[in-house]
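Enquirer: Dropping the sequence and predicted coords here.
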Amino acid sequence: MSSKFGMRFVNAARLSLPLRLYSKGMHVRVTKNPVSFAKHRSIPWIFTRYRFYSTCTGQSSFSPRTHACAELRPKHVGEEVTLCGWIQYRRHDLFVILRDFSGLIQLLIPQDESLVHLKNTLCGLPLESVIKVTGKVIHRPPGQENKEMPTGAIEVCVGSLKVLNVCKKLPFEIKDFVKKSESLRMQYRYLDLRSAQMQSNLRLRSQLVMKMREFLCNIHGFVDVETPTLFKRTPGGAKEFLVPSRDPGRFYSLPQSPQQFKQLLMVAGLDRYFQVARCYRDEGSKPDRQPEFTQVDIEMSFVDQTGIQTLVEGLIQHCWPEAMSPVSVPFPSLTYADAMREYGVDKPDTRFGMKLVDVSETFRGTEVGFLREAVNHPEGCVQAICVPGGATHLKNKDLESIKQTAQAQFNQELSVVVLKADGSWKSPLSKHLSDSVKQQLLQKMEAEAGDLLLLAAGAAEGVRPLLGKLRLQCAELLEAQGVAIRDPSAFHFLWVVDFPLFLPKEEDPGQLESAHHPFTAPHPEDAELLYSQPHKVRSQHYDLVLNGSEIGGGSIRIHRASMQQYVLEKVLKEDSSLLSHLMEAHWC
């Protein structure tokens, strides 16, 4: 026993061996002959307080209940059980459906006159009231079983009842089929979290984190280290939240990631670090980006990009839910340049096609002004996507919304070609193009009757993101019409590699900023370009994409202090003294 419980308790516990001491609350359970244990009058009362509770482990340990609601099965018939939970709904004053974190169980309301007070209480309680019941598990009458319910073969005949809390009228019902607005769900988050889906999400997340710890710490020798949450402002990366201190004019900065701390841990020789880390970025809220989030943070010494990617693939395989199809490794890889060329985004959803196609050569000799101007410009091009079945399934309002997206978000004109069922064209371009050009375009796009073509002309850096956005929008519009485009049960992992090391600043395109963060190492093949043409340097930065969403990423770090100082001062024009703690460590 640990001495943290106090010596007088430890000495007392030594008087009798058949005990179990349970952590912080010092709950002790008598495992053998509780009567003989009571003879030891010198034992403090706290050791006997809970001695008649069950010594079971699992979901009902340390609790007066005997089972969770959804644990009960026909094998428990005849047993007296104690359950706690919320009243989900009531039927005909005969049945109550009780819910807890595990699921549902049907309670049979007693109809005996001797228990009329119990019946009246149960029938009078509002839904979502919290109760504790004790009763006997019985079979449901033949024909009344519910095969869609895990506990549908049994019910609990209530013998006693304790009302733990009476619920007032709620803003919405706790039922999956009841639709709630996102704002209402967030306002009453504690109610939203009662739903089966949210409960399942949280428990799945907990299981994943436990498996990740097992894989990293127990199998591969990583050390779990907590790094500080209050730090100082440093250059590069996203905007940071500032936290005032009690000293006037002085403040802390919340770290956007443990990046610098984990690099210092590698300098310290820790070799392998990981942390389930809380991160903060003052970038506003989007569906895939929040001001605060949690990430599994990993750092390794003496490793290359392939080694880290292999580790991450193994980590995902290890913690992948058993009920789902296993993950195949290695994951496919795509360079940043290829991702932008084929999909128009750096996090492509590869569950469906509709890839971008460069059709510039098809229009090389065209008389159409905007097309001719684009193909003759050094950085110009004509790009297109083919939407299979788009002409058949998309309505005029859908086509207008596509054009509006191009104009509103990209300030770009879009040419739409509707291929009718008879093979004829419906497009303003039709009368300006020869039959041979039309045929070349159809062959290039592998298009057929009933399809839809979207064409955009201009600089590649503007045209590709536009069509990448419209590709996803078309998939959503088709799915809204009942057309199967993206398999919701499929998981397509993809590594995107060879990102640019630097990008032009939005507010000052003449200056460069880090595409990832200022500690990312250049690609070995481009290392010399760092000192002459830094805008052309690729990085050792890699992102992990799943079904069009970035779920992870990392990079190989700059390890030489001289190179790190050059990047900060000469390329990024930052004050390297703000990172003096890291620079000094690099010289060690």
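Expert: Arrived safely, thanks for sending.

Enquirer: Please tell me how far the nearest residue to His517 once chain neighbours are set aside sits from Lys570.
Expert: Nearest in space to His517, with sequence neighbours left out and distances taken as C-beta to C-beta, 6 or more residues apart in numbering, is Gly237 at 5.0 Å. Placement of C-beta: from N, CA and C, glycine included. Using C-beta to C-beta, to the nearest Å, Gly237 is found at 19 Å from Lys570.

Enquirer: Of the two, which one has the most company?
Expert: A count of neighbours by other C-beta atoms under 10 Å puts Gly237 above the other of Gly237 and Lys570, at 17 against 13.

Enquirer: ok, now which ones touch the more buried one?
Expert: Neighbour list for Gly237: 256-257, 259, 514, 517-518 [criterion: C-beta atoms under 8 Å, 6 or more residues apart in numbering].

Enquirer: Okay, and which of those residues map to helices?
Expert: Gln259 (DSSP state H).

Enquirer: Counting neighbours, which bits of stretch 371-379 end up buried?
Expert: Going by neighbour count (16 or more other C-beta atoms under 10 Å), the buried part of stretch 371-379 is 371-372, 374-375.

Enquirer: which of the residues you listed lies closest to Thr227?
Expert: Ala374 (50.0 Å; C-beta to C-beta).

Enquirer: Name the SS class of the closest one, please.
Expert: Assigned by DSSP: H, G, I helix; E, B strand; the rest coil, the conformation of Ala374 is helix.

Enquirer: Does it touch Gly380 like I think?
Expert: Yes - between Ala374 and Gly380 there is a contact under C-beta atoms under 8 Å: 4.0 Å.

Enquirer: Now the common contact residues for these two.
Expert: With C-beta under 8 Å, 6+ apart as the test, Ala374 and Gly380 both reach 360, 457-458.

Enquirer: Using CSV, lay out those residues together with secondary structure, distance to Lys211 and pLDDT.
Expert: Listed next are the shared contacts of Ala374 and Gly380 as CSV, based on DSSP: H, G, I helix; E, B strand; the rest coil; distance: C-beta to C-beta, whole Å; pLDDT from 0 to 100:
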residue, secondary structure, distance to Lys211, pLDDT
Ser360, coil, 49, 95
Ala457, strand, 50, 96
Gly458, strand, 48, 95
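
Enquirer: Pick out the residue nearest the middle of this protein.
Expert: Ile551 (7.0 Å; C-alpha atoms, centre = their mean).

Enquirer: follow-up on the earlier one: in what helix or strand does the residue nearest to His517 lie?
Expert: Following DSSP states H and E, there is no helix or strand that holds Gly237.

Enquirer: all strands of the stretch 451-588 of the chain, in order?
Expert: 452-459, 493-497, 502-504, 512-514, 541-546, 549-555 (DSSP state E, counting those that start in this stretch).

Enquirer: so which of the ones you listed is the most packed in?
Expert: Of all those, strand 452-459 carries the top mean neighbour count, a mean of 23, counting by mean count of other C-beta atoms under 10 Å.

Enquirer: Listing partners with orientation, what would you give for that strand?
Expert: strand 380-387 (antiparallel), strand 415-419 (antiparallel) (DSSP bridges).

Enquirer: roughly how far is that strand from the heart of the chain?
Expert: 33 Å (C-alpha atoms, centre = their mean, to the nearest Å).

Enquirer: Next: stretch 422-434.
Expert: 45 Å.

Enquirer: how far does it stretch from start to finish?
Expert: Length of stretch 422-434, first residue to last, C-alpha to C-alpha, to the nearest Å: 18 Å.

Enquirer: just stretch 421-436 next, same as before
Expert: 20 Å.

Enquirer: Please verify my assumption that Lys426 contacts Ser415.
Expert: No - counting by C-beta under 8 Å, Lys426 stays clear of Ser415, with 11.9 Å between them.

Enquirer: Out of these two, name the residue with the larger neighbour count.
Expert: More crowded of Lys426 and Ser415, by other C-beta under 10 Å: Ser415, with 19 against 12.

Enquirer: On the strand side of things, show who the more buried one bridges to.
Expert: Going by DSSP bridges, Ser415 forms beta bridges with Leu455.

Enquirer: Find the nearest non-adjacent residue to Met149, please.
Expert: Met149's closest residue in space is Leu104 (C-beta to C-beta, 6+ apart), at 6.3 Å.

Enquirer: er, Gly389 actually
Expert: Gly450 (5.7 Å).

Enquirer: what kind of secondary structure is the one you found in?
Expert: coil.

Enquirer: Next one: it from Glu479, what distance?
Expert: For Gly450 relative to Glu479 (C-beta to C-beta), the value is 17 Å.

Enquirer: The two: who's more crowded?
Expert: Between Gly450 and Glu479, counting by other C-beta under 10 Å, Gly450 is the more crowded of the two (17 against 14).

Enquirer: ok, back up a step: quick check: the residue nearest to the centre of the chain touching Val496?
Expert: No - look at Ile551 against Val496 with C-beta under 8 Å: they stay out of range, at 11.6 Å.

Enquirer: May I have the strands that pair with the helix or strand hosting Ile131, each with its orientation?
Expert: Assignment of secondary structure by DSSP H and E places Ile131 within strand 130-139. Taking DSSP bridges as the criterion, strand 130-139 pairs within the sheet with strand 80-91 (antiparallel), strand 154-165 (antiparallel).

Enquirer: Out of those, which gets nearest to Lys536?
Expert: strand 80-91 (61.4 Å).

Enquirer: For Trp86, give me its contacts.
Expert: Taking C-beta under 8 Å, 6+ apart, one finds 98-100, 128-130, 167, 174, 194 in contact with Trp86.

Enquirer: Just give me the closest of the residues you listed to Ser245.
Expert: Nearest member of the contacts of Trp86 to Ser245, counting by C-beta to C-beta, is Arg194, at 38.9 Å.

Enquirer: Per-residue pLDDT of Ser580, please?
Expert: Reading off the confidence values, Ser580 has pLDDT 90.

Enquirer: Next one: it from His586, what distance?
Expert: 11 Å.

Enquirer: who has more neighbours, these two?
Expert: Shown here are Ser580 and His586; by other C-beta under 10 Å, His586 has more neighbours (20 against 10).

Enquirer: need the contact list for that one.
Expert: 267, 559-561, 564.

Enquirer: and these, which are buried?
Expert: 561, 564.

Enquirer: What about the contacts of His586, which are in helices?
Expert: 267, 561, 564.

Enquirer: what's the closest of these to Pro64?
Expert: Val267 (52.6 Å).

Enquirer: Not counting its neighbours along the chain, what's nearest that closest one?
Expert: Per C-beta to C-beta, 6+ apart, closest to Val267 is Ala585, 4.5 Å.

Enquirer: ok, the one you found touching Leu264?
Expert: Yes - counting by C-beta under 8 Å, Ala585 touches Leu264, with 5.6 Å between them.

Enquirer: Where do the helices of the stretch 101-250 of the chain begin and end?
Expert: 116-124, 182-187, 189-192, 196-213 (DSSP state H, counting those that start in this stretch).

Enquirer: Same check on the stretch 251-400 of the chain?
Expert: 259-267, 305-319, 336-343, 369-376, 390-393, 396-410.

Enquirer: The first one: which residues count as buried?
Expert: Burial within helix 259-267, assessed by neighbour count using 16+ other C-beta under 10 Å, is assigned to 259-266.

Enquirer: Ok, the second one next?
Expert: The neighbour-count check on helix 305-319 (16+ other C-beta under 10 Å) flags 305, 308-309, 311-316, 318-319 as buried.
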